[in-house]
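Participant: Quick one, structure for this:
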Amino acid sequence: MVITLLLSHALPIAAQAQERVTTFGLQVKPVFPLSFFKPLTTFGQGALQGTVELTGGYAFGAVVRAGISKSISFETGINQIQRSYNWSVSNDTNATPGSGSVRWVGYELPLLALVYIRLGERSWMNNAIGFSADIYPTDVVETNDNSRTYWYRSRWLQGGVVANIGFEYRTMKSGYFYVGATYHRPFGDMVTVEHTWRFNGIDHSIRTGVLGSYLTLDLRYFFHEDPDKRGKKPRN
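Facilitator: Model (predicted):
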């Protein structure tokens, strides 16, 4: 009876913990090149064949979360994302392929709406969906003895859709601890890749578009903040 009474008072307090709370967090997100999301792109023309393959990467940045109600929040922030790719180009008439690796760097400004589902006294699951403004500061080029790859950004600013699912544990004074996964898909190709093969002093080139979608494991920590007391009438 006593335990039931204590829980009946504690649970409403925890349920309201997100309402009117604006909190700041930090995150690290390793990139996983799962085969389901088609990390390998193959293309060619005639005897010339090329590949581009996402091999991993990571993102890191800051998150700001604003609680709107007991079960809904908005989230924004800024992230730097670094994708690692292997590339190759070969000619059927020559046994010596060209290959290498490049790092594609971008910045993301997401805006997501989150919905919470309660799992326990201090544990929650959330689902989020929204959009991201993706910024690509520069093109990338890598040159080898007999080959070259040139990565042309499709545009310096591009939109994308973001979907997220995660779980978090909320402490009373030490903040929130979060683990989840995010899928990020740009609207259209992120970059146009041009592979060039040099044979007998003549350049032969092929091109393809690369979408740049990816999946991450999200590790976050949100600092503790007390609910905003504004809007409440002062006591006499």
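Participant: next structured bit after the lowest-mean-pLDDT helix or strand in the chain?
Facilitator: Lowest by mean pLDDT, DSSP states H and E among the helices and strands of the chain is helix 2-15, with a mean of 37. Downstream of helix 2-15, the next assigned helix or strand under DSSP states H and E is strand 22-32.
Participant: buried ones in that next one?
Facilitator: Using 16 or more other Cβ atoms under 10 Å as the test for burial, strand 22-32 gives T23, G25, Q27, K29, V31. (Glycine included, C-beta is placed from N, CA and C.)
Participant: where do the strands sit along the chain?
Facilitator: Under the criterion DSSP state E, strands of the chain are mapped to 22-32, 40-45, 48-67, 72-91, 94-118, 123-135, 140-143, 147-153, 157-170, 176-186, 191-199, 202-210, 214-222.
Participant: Adjacent strands (with direction) for the first one?
Facilitator: Partner strands for strand 22-32, per DSSP bridges, with pairing direction: strand 48-67 (antiparallel), strand 214-222 (antiparallel).
Participant: cool, the longest one as well?
Facilitator: For strand 94-118, the paired strands and their directions (DSSP bridges) are strand 72-91 (antiparallel), strand 123-135 (antiparallel).
Participant: got a pLDDT number for W87?
Facilitator: As summarised for this prediction, W87 has a pLDDT of 95.
Participant: likewise the one 4 residues further on?
Facilitator: N91 is assigned 85 on the pLDDT scale.
Participant: measure it to T42 for me?
Facilitator: In this view, N91 and T42 are 15 Å apart by Cβ to Cβ, to the nearest Å.
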